[in-house]
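K.L.:
what shape does this take:
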Amino acid sequence: MRISMPPELEHGWNLLNEGKLEEAMQVINSFEQLEDRTLEADHYYRNLKAFILLHMGKFQESLKTAEQAYQESKRRNNPLFLIDSITSKFFSSVMLGRLESSREDVILCEKLLESITEESPHEINLRKGYFLVMKAYLIIREGKIDKGIELIKKSLAILENYSVTANMLIGISLSDLGMSYSVKGELDLALDYWKKYLDLLKGTTPITNTMKGVVYNYIGGIYFQRGDLDQAIRYFQKSLEMMEQDTNIITVLFSGLSYDGMIEVLLYKDSLKEAQECLDHFYQYLEKNKEFLGRSPMEMFWYKISKARILASSSRVRDWARAEEILIKILEEKYILSGTRTACMLILCGLYFQEMKTSNNLEILEDIQPLIDKLIEAAEQINSYSQRAQALLLNGKISLLQLNMGDARRYLTEAQRIADSHSLQLLAREISHEHDKLLDQLEGLESFKKKTMTLQERIDMASLGGTLDLIQGRRAVIAPDLVDEEPVMLLILGEGGILLFSYPFSEEVKIEGDLFGGFLSAITSFSDEVFSEGLDRAKFGQYTILMKDIADFSFCYVFKGQTYLAQKKFSVFIEDFQTNDSMMETLKKFDQTSQVIELKDFPFFEGFIKRSFINR
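P.N.:
As a prediction, the model looks like this:
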């Protein structure tokens, strides 16, 4: 499908999409010489010029050109052209780190779309695609991952029908899908979208080489998480090659991530010599391009982080002290990016954990705890729900090391809630598995507390190293295989723990009165703890109990096996029950008379229960 622009400018867009930057600029230069340009043609010319300058890495000039187009479109009160200009302004501003002005532009863009009534649907639809890309870009960075993915897929469904002006925006959408699925832990999907984005990056323009370098870096990180260290090194190397082809402020600053990623993988392979050689090469690269830095290469944050990482990997306590000193000084800096701050705190956590194991001194946890609190705070500031949930998981493991079971369970419950509510399914499954494992160990742990438990026994029990690897990006989320639970009983209790309804899922429970009584006794025992402490589950022998308070009633689901799927079914059941006025009214009526409800009083209730827990 074509949009109404002069053919020569359409040719310029095609050249830009093919990465032929100089030829595209020649089209612009030739068009500038024309004396009889229409106002419409002038708009398309400025818009194309802004995107060419953006690809050349001339972000200030690109923004200036887009602003000129914006002011002209505003003067003429042309909403379609205003949206075009906002789009080119948006991505120039993003490259310059001006996200606040970008937010204002996106709000204006949405209002403009709502006001357009007389333009052709084809033209309106194209601008809607532009708007969806920009809005998705912002809300993903606010941590609203699922909503961002939804908007991106809508934008792609539109923009894939426009082959001329939409190429760059399609690429940005694919890149954001790669980023989003990486955050969710769905690495296969993330890798697929990153590679699709690479296929769109044609030619060797400065911005193309920069973006290739960025994508190769993310792909290297995915292979690192998967444990494929050789592939990780190969992609980090490709990233650095791209960064060094076209040097600008973006590539120089971003190169630190790729160098640090390469060094981390080499250290993970116990290749200390190669890691040091990589650090030396990093310094030489920064020295060669120090005009972009405004400071000595030795003062660059990522260089210092990489150096501290190498020192922390040494076997000498003296080097650990030097690493700690470097990292603490970076954290004392007022103006550092959140990613830099997080990297420092994670290396420090690993360093203190290593020191704790070596010295057999549990008091070092007092140095780790404030770092985890700061990690959670940093995650909240940037709306990184995956980082926040992982930090809470780490907090749970620290509490387990201290044999503080109540805090461990609370942290795991909160981590689970965050992962569930933001659709981080793989992470939610891993957290649920860790919580189940803790409940299975609880009886044994209580007996351990009565005797002296060595630090190594505690470390083995908590599996802290694996959690540190997860939060540091050294491994993927290891979600256990999902297995359906075995339903045992559903109970509804009134105020004061009075039984209102029970539904056994097997004949075994009906027959064994002692077992039924045991459930009621266990629920009464656990309910105060669960509801007052904000927990989501309790253990009773081989049975797990999920409990939820709704109004004056307590709903309890008893089962055997994994909790994750059981919890999903229980949540759906509760939600459906609440929205059914008839069932809630019946429950209130029987509660007032303290009568036990039988299935004959709820003729359709058995089918409702089976649909929720068995026939899903």
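K.L.:
and the spatially most central residue of the chain, what does it touch?
P.N.:
When the chain is reduced to its mean C-alpha position, the closest residue under CA atoms, centre = their mean turns out to be Val183, at 2.9 Å. Val183 makes contact with 145, 384, 386, 424, according to CB atoms under 8 Å, 6 or more residues apart in numbering. For every residue, glycine as well, the C-beta is placed using N, CA and C.
K.L.:
closest one of those residues to Tyr543?
P.N.:
Nearest to Tyr543 among the contacts of Val183 is Leu424, at 27.8 Å by CB to CB.
K.L.:
for the closest one, give its distance to Gln387.
P.N.:
According to CB to CB, to the nearest Å, Leu424 stands 10 Å off from Gln387.
K.L.:
neighbour count winner among those two?
P.N.:
Leu424 (25 against 21; other CB atoms under 10 Å).
K.L.:
pull the contacting residues for that one.
P.N.:
Listed by CB under 8 Å, 6+ apart, the contact set of Leu424 reads 183-185, 385-386, 389, 418.
K.L.:
can you redo the residues you listed as CSV with pLDDT and secondary structure?
P.N.:
Compiled in CSV, those are given as follows (pLDDT from 0 to 100; DSSP: H, G, I helix; E, B strand; the rest coil):
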residue, pLDDT, secondary structure
Val183, 84, helix
Lys184, 85, helix
Gly185, 84, coil
Tyr385, 84, helix
Ser386, 86, helix
Ala389, 90, helix
Ile418, 91, helix
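K.L.:
as CSV, those with distance to Leu351 would be great.
P.N.:
Formatted as CSV, these follow (distance: CB to CB, whole Å):
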residue, distance to Leu351
Val183, 26
Lys184, 29
Gly185, 26
Tyr385, 26
Ser386, 23
Ala389, 23
Ile418, 27
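K.L.:
which of those residues has the most neighbours?
P.N.:
The member of the contacts of Leu424 surrounded by the most neighbours (other CB under 10 Å) is Ala389, with 28 neighbours in all.
K.L.:
that one and Leu426 touch, don't they?
P.N.:
No. Shown here, Ala389 and Leu426 do not form a contact pair, counting by CB atoms under 8 Å, at 11.1 Å.
K.L.:
please enumerate the helices of the stretch 1-150 of the chain.
P.N.:
In chain order, the stretch 1-150 of the chain shows helices spanning 7-17, 21-32, 39-55, 59-76, 79-95, 99-115, 121-141, 145-159, with DSSP state H, counting those that start in this stretch as the criterion.
K.L.:
now the stretch 351-500 of the chain
P.N.:
For the stretch 351-500 of the chain, the helices defined by DSSP H, counting those that start in this stretch cover 365-381, 385-401, 405-421, 425-448, 455-462, 464-471.
K.L.:
now these in TSV, with distance to Met56?
P.N.:
Written out in TSV, the entries for the helices of the stretch 351-500 of the chain read as follows (distance: least, CB to CB, whole Å):
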stretch	distance to Met56
helix 365-381	34
helix 385-401	35
helix 405-421	42
helix 425-448	40
helix 455-462	52
helix 464-471	39
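K.L.:
sorry, back to before: please identify the deepest-packed of the helices of the stretch 1-150 of the chain.
P.N.:
Among these, helix 79-95 has the highest mean neighbour count (mean count of other CB atoms under 10 Å), at a mean of 24.
K.L.:
what's the average pLDDT for that one?
P.N.:
Model confidence over helix 79-95 averages 89 on the pLDDT scale.
K.L.:
that helix packs against which elements?
P.N.:
Other helices and strands packing on helix 79-95, by 3 or more CB pairs under 8 Å, 6 or more residues apart in numbering; DSSP states H and E, are helix 39-55, helix 59-76, helix 99-115, helix 121-141, helix 167-184.
K.L.:
try it again with 6 Å
P.N.:
In terms of contact count using 3 or more CB pairs under 6 Å, 6 or more residues apart in numbering; DSSP states H and E, helix 79-95 is assigned the packing partners helix 39-55, helix 59-76, helix 99-115, helix 121-141.
K.L.:
now Asn125. Nearest residue, chain neighbours left out?
P.N.:
Once its chain neighbours are removed from consideration, Asn125 has its nearest residue in Ile158; the separation is 5.7 Å (CB to CB, 6 or more residues apart in numbering).
K.L.:
whoops, I mixed them up, Lys548
P.N.:
With CB to CB, 6+ apart as the criterion, Lys548 has its nearest non-adjacent residue at 4.9 Å, and that residue is Phe555.
K.L.:
shaky segments in this protein?
P.N.:
Counting by pLDDT under 70, the chain shows low-confidence ranges at 1-4, 163, 292-299, 443-452, 508-522, 524-532, 616.
K.L.:
please parse it into its domains.
P.N.:
Per the record, the chain has its domains at 204-287, 303-471, 486-613, by automatic domain parsing.
K.L.:
and these, which is most packed in?
P.N.:
Ranked by average neighbour count under the criterion mean count of other CB under 10 Å, the domains of the chain are headed by domain 204-287 at a mean of 20.
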